[in-house]
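Student: model this:
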Amino acid sequence: MKKNSGFTLLEVALVTVILGIVAGLTFLKFMNTTAQDQLQKAANNLYIEIRGLRPLCFKYDEAVMVTFDDNNSKLEIYIDQNDDEKIQAAELYKEYVLPSPVIIGSCETDPDTWVYGEKPKKGLTNEWQDMLTVLPDARGEYAHGGVYINVPSLKTVTYFIGITTSMQSIELFKWTGSSWIKL
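Tutor: Next up, the predicted model:
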């Protein structure tokens, strides 16, 4: 009868390699989930910030202007106190910075259609390329356009915040790799 003295070095090495692969895959899945959570939270927060511009416009009875900085993933909100429709440092009301690795102003996906029935463009769309303006008229009218929010490593998840032309309201959409979903 043969005496069993334990595991061989080959068996221990094989089990270690398998555990390493499983741990690596689990870590990658965790990082992907974390990035998706950060992206969703950042998109929701940015959506709330932009929806809050209309009440801010009515509160101060001045135009509210927003510039997007896609290099630093931030937006700056200005209140046009002197009615010159120009951004001035003294009129800065608030700055909002997106958490890393979330970026604004790009679209890494290539969907067939997007929320307005066109193929998405890279970067900010329409008037938002220069600045988003909310006018202090009776409706608090938004300038037409939109902004993409994504994480470059997540190729199938992109958010879009844009103005619906007919209702003059801000809407939030999510690209899931095959279609846009209104949130």
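
Student: the helices in this structure, which residues?
Tutor: Per DSSP state H, the chain carries helices over the ranges 9-51, 53-60.

Student: check contacts around the most centrally placed residue in the chain.
Tutor: When Cα atoms, centre = their mean is applied to the chain, the residue found nearest the centroid is I149 (2.3 Å). I149 makes contact with L39, A42, A43, L46, L98, V102, I103, I104, T158, Y159, F160, I161, according to Cβ atoms under 8 Å, 6 or more residues apart in numbering. (Glycine included, C-beta is placed from N, CA and C.)

Student: Columns pLDDT and distance to S5 on top of those residues, output as JSON lines?
Tutor: Supplementary listing: the contacts of I149 in JSON lines, determined by pLDDT from 0 to 100; distance: Cβ to Cβ, whole Å:
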{"residue": "L39", "pLDDT": "88", "distance to S5": "53"}
{"residue": "A42", "pLDDT": "89", "distance to S5": "57"}
{"residue": "A43", "pLDDT": "89", "distance to S5": "59"}
{"residue": "L46", "pLDDT": "90", "distance to S5": "63"}
{"residue": "L98", "pLDDT": "86", "distance to S5": "59"}
{"residue": "V102", "pLDDT": "84", "distance to S5": "55"}
{"residue": "I103", "pLDDT": "83", "distance to S5": "57"}
{"residue": "I104", "pLDDT": "82", "distance to S5": "62"}
{"residue": "T158", "pLDDT": "80", "distance to S5": "58"}
{"residue": "Y159", "pLDDT": "85", "distance to S5": "59"}
{"residue": "F160", "pLDDT": "85", "distance to S5": "64"}
{"residue": "I161", "pLDDT": "86", "distance to S5": "66"}
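
Student: Greatest separation within those residues: which pair is it?
Tutor: For those, the maximum inter-member distance is 14.6 Å, found between L98 and F160 (Cβ to Cβ).

Student: Those two - which one has more neighbours?
Tutor: Neighbours per residue, other Cβ atoms under 10 Å: of L98 and F160, the larger number sits with F160, 24 against 20.

Student: Test my guess that that one contacts W175.
Tutor: Yes: with contact defined as Cβ atoms under 8 Å, F160 counts as touching W175 (7.0 Å).

Student: from memory A35 sits against S153, does it?
Tutor: Yes: distance between A35 and S153: 6.2 Å, which falls inside the contact criterion (Cβ under 8 Å).

Student: So for the two, which residue has more residues nearby?
Tutor: A35 (18 against 11).

Student: what's the nearest residue to that one if we skip its chain neighbours?
Tutor: With sequence-adjacent residues excluded and distances taken as Cβ to Cβ, 6 or more residues apart in numbering, A35 is closest to V151, at 4.8 Å.
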